[in-house]
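Asker: Got a predicted structure plus its sequence, pasted below:
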Amino acid sequence: MTTNQNPVEMFADAPVPFTVTDAGDKAATNVHPFPAIKPGHRLVPALIGNRKSAQVAYIECPNWCGDDHVTGPAALEDITHTSRSEDVHISSFLRRDDALLMFATIEQDPAAKNPLLRAAHVAVEDGDAPHYFTPDMAEALADDLIGFASQLRHLARTARLHNTSQGDSDPDMNEALRRVREGGVA
Ligand SMILES: [Zn+2]
(Lines give C-alpha, C1' and ligand atoms only; values in the text may rest on other atoms or scores of the structure.)
Protein backbone atom coordinates (compact mmCIF):
# COMPACT_ATOMS: atom_id res chain seq x y z
CA MET A 1 0.00 0.00 0.00
CA THR A 2 1.29 3.47 -0.84
CA THR A 3 0.83 6.28 1.54
CA ASN A 4 -0.62 9.58 0.47
CA GLN A 5 2.26 12.04 0.18
CA ASN A 6 2.08 15.78 0.13
CA PRO A 7 3.01 16.87 -3.45
CA VAL A 8 5.60 19.33 -2.14
CA GLU A 9 7.35 16.53 -0.24
CA MET A 10 7.17 14.29 -3.34
CA PHE A 11 9.33 16.72 -5.35
CA ALA A 12 11.52 17.95 -2.55
CA ASP A 13 14.34 15.58 -3.47
CA ALA A 14 14.06 16.08 -7.25
CA PRO A 15 17.23 17.51 -8.82
CA VAL A 16 17.16 21.26 -9.37
CA PRO A 17 17.26 21.79 -13.18
CA PHE A 18 19.65 24.74 -13.08
CA THR A 19 21.13 27.20 -10.70
CA VAL A 20 22.01 30.81 -11.19
CA THR A 21 25.36 31.59 -9.62
CA ASP A 22 27.20 34.89 -9.22
CA ALA A 23 29.69 33.75 -11.86
CA GLY A 24 26.83 32.99 -14.25
CA ASP A 25 25.37 36.44 -13.79
CA LYS A 26 28.73 38.06 -14.49
CA ALA A 27 29.22 36.03 -17.70
CA ALA A 28 25.74 37.00 -18.94
CA THR A 29 26.40 40.73 -18.53
CA ASN A 30 29.71 40.45 -20.42
CA VAL A 31 28.05 39.03 -23.55
CA HIS A 32 27.56 41.64 -26.27
CA PRO A 33 25.98 39.79 -29.20
CA PHE A 34 25.95 41.52 -32.61
CA PRO A 35 22.44 42.43 -33.68
CA ALA A 36 21.24 39.88 -36.23
CA ILE A 37 21.50 41.12 -39.83
CA LYS A 38 18.37 40.46 -41.87
CA PRO A 39 18.70 37.60 -44.40
CA GLY A 40 19.80 38.88 -47.81
CA HIS A 41 21.48 41.97 -46.33
CA ARG A 42 25.00 43.06 -45.41
CA LEU A 43 26.33 45.95 -43.36
CA VAL A 44 27.77 48.76 -45.51
CA PRO A 45 29.22 52.16 -44.60
CA ALA A 46 26.93 55.15 -45.22
CA LEU A 47 27.67 58.85 -44.87
CA ILE A 48 24.92 60.11 -42.56
CA GLY A 49 24.25 63.81 -41.98
CA ASN A 50 24.39 66.91 -44.14
CA ARG A 51 27.04 69.02 -45.92
CA LYS A 52 28.04 70.76 -42.66
CA SER A 53 28.20 67.69 -40.46
CA ALA A 54 28.31 64.04 -41.50
CA GLN A 55 29.77 60.81 -40.19
CA VAL A 56 30.07 57.26 -41.42
CA ALA A 57 27.67 54.74 -39.88
CA TYR A 58 26.98 51.16 -40.88
CA ILE A 59 23.55 50.39 -42.29
CA GLU A 60 21.79 47.24 -43.50
CA CYS A 61 21.83 47.17 -47.30
CA PRO A 62 20.18 44.49 -49.48
CA ASN A 63 22.60 42.23 -51.39
CA TRP A 64 21.14 43.41 -54.73
CA CYS A 65 21.83 47.10 -54.00
CA GLY A 66 24.41 48.72 -56.29
CA ASP A 67 24.47 52.11 -54.53
CA ASP A 68 27.59 53.52 -52.95
CA HIS A 69 26.14 54.99 -49.75
CA VAL A 70 29.24 57.07 -48.92
CA THR A 71 29.25 59.26 -52.06
CA GLY A 72 27.27 62.09 -50.46
CA PRO A 73 25.86 62.83 -47.02
CA ALA A 74 22.22 61.86 -46.59
CA ALA A 75 19.77 61.86 -43.72
CA LEU A 76 19.12 58.31 -42.52
CA GLU A 77 15.44 58.55 -43.57
CA ASP A 78 16.46 59.63 -47.10
CA ILE A 79 18.57 56.54 -47.81
CA THR A 80 17.11 54.33 -50.52
CA HIS A 81 18.52 51.20 -52.19
CA THR A 82 18.74 50.72 -55.96
CA SER A 83 20.07 47.81 -58.02
CA ARG A 84 22.17 48.20 -61.15
CA SER A 85 19.87 48.91 -64.08
CA GLU A 86 18.77 46.69 -66.93
CA ASP A 87 18.78 48.91 -70.03
CA VAL A 88 17.09 48.79 -73.43
CA HIS A 89 18.88 50.87 -76.08
CA ILE A 90 17.47 51.66 -79.50
CA SER A 91 19.20 52.41 -82.76
CA SER A 92 17.40 52.77 -86.08
CA PHE A 93 18.41 53.61 -89.64
CA LEU A 94 17.62 57.33 -89.36
CA ARG A 95 18.77 57.62 -85.74
CA ARG A 96 21.75 55.41 -85.06
CA ASP A 97 22.47 57.00 -81.67
CA ASP A 98 21.84 53.93 -79.49
CA ALA A 99 19.60 56.07 -77.27
CA LEU A 100 18.36 54.72 -73.95
CA LEU A 101 14.74 53.66 -74.54
CA MET A 102 13.99 52.51 -71.00
CA PHE A 103 15.61 50.95 -67.99
CA ALA A 104 14.50 48.97 -64.95
CA THR A 105 15.90 48.64 -61.42
CA ILE A 106 14.96 47.10 -58.09
CA GLU A 107 14.36 49.82 -55.51
CA GLN A 108 13.53 50.04 -51.83
CA ASP A 109 12.78 53.07 -49.66
CA PRO A 110 12.98 51.77 -46.06
CA ALA A 111 11.58 55.01 -44.54
CA ALA A 112 8.66 55.48 -46.98
CA LYS A 113 5.14 55.79 -45.59
CA ASN A 114 3.76 53.68 -48.47
CA PRO A 115 4.35 50.01 -47.60
CA LEU A 116 4.72 49.19 -51.34
CA LEU A 117 7.68 51.61 -51.57
CA ARG A 118 9.06 50.27 -48.27
CA ALA A 119 9.14 46.77 -49.78
CA ALA A 120 11.47 45.88 -52.64
CA HIS A 121 9.77 46.88 -55.89
CA VAL A 122 10.66 47.35 -59.56
CA ALA A 123 11.03 50.81 -61.12
CA VAL A 124 10.79 51.26 -64.89
CA GLU A 125 11.80 54.61 -66.42
CA ASP A 126 11.39 55.82 -69.99
CA GLY A 127 12.83 59.32 -69.50
CA ASP A 128 9.87 60.64 -67.53
CA ALA A 129 8.99 59.96 -63.90
CA PRO A 130 9.56 56.30 -62.99
CA HIS A 131 6.74 53.78 -62.91
CA TYR A 132 6.73 51.58 -59.80
CA PHE A 133 5.65 47.93 -59.87
CA THR A 134 5.15 45.28 -57.22
CA PRO A 135 6.88 41.99 -58.17
CA ASP A 136 3.52 40.63 -59.46
CA MET A 137 2.90 43.79 -61.53
CA ALA A 138 6.45 43.67 -62.94
CA GLU A 139 5.85 40.07 -64.06
CA ALA A 140 2.62 41.14 -65.78
CA LEU A 141 4.53 43.95 -67.56
CA ALA A 142 7.22 41.44 -68.58
CA ASP A 143 4.49 39.24 -70.11
CA ASP A 144 3.12 42.27 -72.02
CA LEU A 145 6.62 43.09 -73.33
CA ILE A 146 7.17 39.47 -74.41
CA GLY A 147 3.85 39.76 -76.30
CA PHE A 148 5.05 43.06 -77.83
CA ALA A 149 8.35 41.45 -78.88
CA SER A 150 6.41 38.61 -80.54
CA GLN A 151 4.27 41.14 -82.45
CA LEU A 152 7.44 43.05 -83.43
CA ARG A 153 8.77 39.86 -85.07
CA HIS A 154 5.44 39.47 -86.85
CA LEU A 155 5.66 43.07 -88.17
CA ALA A 156 9.24 42.43 -89.35
CA ARG A 157 8.17 39.27 -91.22
CA THR A 158 5.26 41.10 -92.90
CA ALA A 159 7.49 44.04 -93.95
CA ARG A 160 10.15 41.64 -95.31
CA LEU A 161 7.53 39.66 -97.28
CA HIS A 162 6.17 42.91 -98.69
CA ASN A 163 9.62 44.06 -99.84
CA THR A 164 10.47 40.65 -101.28
CA SER A 165 7.22 40.57 -103.24
CA GLN A 166 8.08 43.98 -104.79
CA GLY A 167 11.49 42.73 -105.93
CA ASP A 168 14.71 44.74 -105.63
CA SER A 169 13.80 47.05 -108.48
CA ASP A 170 14.17 50.39 -106.64
CA PRO A 171 17.79 51.54 -107.12
CA ASP A 172 17.46 54.22 -104.41
CA MET A 173 16.33 51.62 -101.86
CA ASN A 174 19.14 49.28 -102.84
CA GLU A 175 21.66 52.07 -102.26
CA ALA A 176 20.06 52.95 -98.88
CA LEU A 177 20.11 49.29 -97.78
CA ARG A 178 23.75 48.97 -98.82
CA ARG A 179 24.66 51.96 -96.62
CA VAL A 180 22.69 50.59 -93.63
CA ARG A 181 24.45 47.21 -93.97
CA GLU A 182 27.82 48.98 -94.04
CA GLY A 183 26.96 50.76 -90.77
CA GLY A 184 26.41 54.23 -92.18
CA VAL A 185 23.32 56.43 -92.11
CA ALA A 186 20.83 55.80 -94.91
ZN1 LIG B 1 22.01 49.99 -50.43
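Answerer: Received, thanks.

Asker: quick check, residue 89 in a helix?
Answerer: No - assigned with DSSP: H, G, I helix; E, B strand; the rest coil, residue 89 falls outside any helix and is strand.

Asker: wait, isn't it in contact with residue 99?
Answerer: Yes - here residue 89 lies in contact with residue 99, judged by CB atoms under 8 Å, at a distance of 6.6 Å. Where C-beta positions appear, they are placed from N, C-alpha and C, glycine not excepted.

Asker: what pairs with the residue most central in space within the chain across the strands?
Answerer: Closest residue to the average C-alpha location of the chain: residue 106 at 2.7 Å, with CA atoms, centre = their mean. Note on residue 106: beta-bridge partners by DSSP bridges are residue 122.

Asker: Make 73 the starting number, not 1.
Answerer: Yes, from this point I'll number from 73; that puts the last item at residue 178.

Asker: Nearest residue to residue 209 in space, please, no chain neighbours.
Answerer: The shortest distance from residue 209 to any non-neighbouring residue, by CB to CB, 6 or more residues apart in numbering, is to residue 194 (7.7 Å).

Asker: any idea how far the one you found is from residue 212?
Answerer: 11 Å (CB to CB, to the nearest Å).

Asker: doesn't residue 196 make contact with residue 213?
Answerer: Yes - using CB under 8 Å as the test, residue 213 is close enough to residue 196 to be in contact (7.0 Å).

Asker: where does the chain have low pLDDT?
Answerer: 73-101, 240-241, 255-258 (pLDDT under 70).

Asker: mind listing what's buried in stretch 206-226?
Answerer: residue 210 (16 or more other CB atoms under 10 Å).

Asker: For residue 122, list the residues it contacts.
Answerer: Residues in contact with residue 122 (CB atoms under 8 Å, 6 or more residues apart in numbering) are 145, 147.

Asker: And it, how close does it get to residue 148?
Answerer: 11 Å.

Asker: picking that back up, residues in contact with the residue nearest to the centre of the chain?
Answerer: Residue 178 neighbours (CB under 8 Å, 6+ apart): 136, 153-155, 192-195.

Asker: What parts of this protein come near the ion?
Answerer: Within the chain, the positions near the ion by CB under 5 Å from the ion are 133, 137, 139, 153.

Asker: Mind listing residues that contact stretch 180-194?
Answerer: 134, 136-137, 148-153, 176-179, 204-207, 209-210.

Asker: mind redoing it with 10 Å?
Answerer: 112, 131-134, 136-137, 147-155, 158, 176-179, 195, 202-207, 209-211, 213-214 (CB atoms under 10 Å, 6 or more residues apart in numbering).

Asker: That one: end-to-end distance?
Answerer: The straight-line separation of the ends of stretch 180-194 (CA to CA, to the nearest Å) is 9 Å.

Asker: Likewise for stretch 227-247?
Answerer: One end of stretch 227-247 sits 23 Å from the other (CA to CA).

Asker: how about that stretch: buried residues?
Answerer: Buried, per 16+ other CB under 10 Å, within stretch 227-247: nothing.
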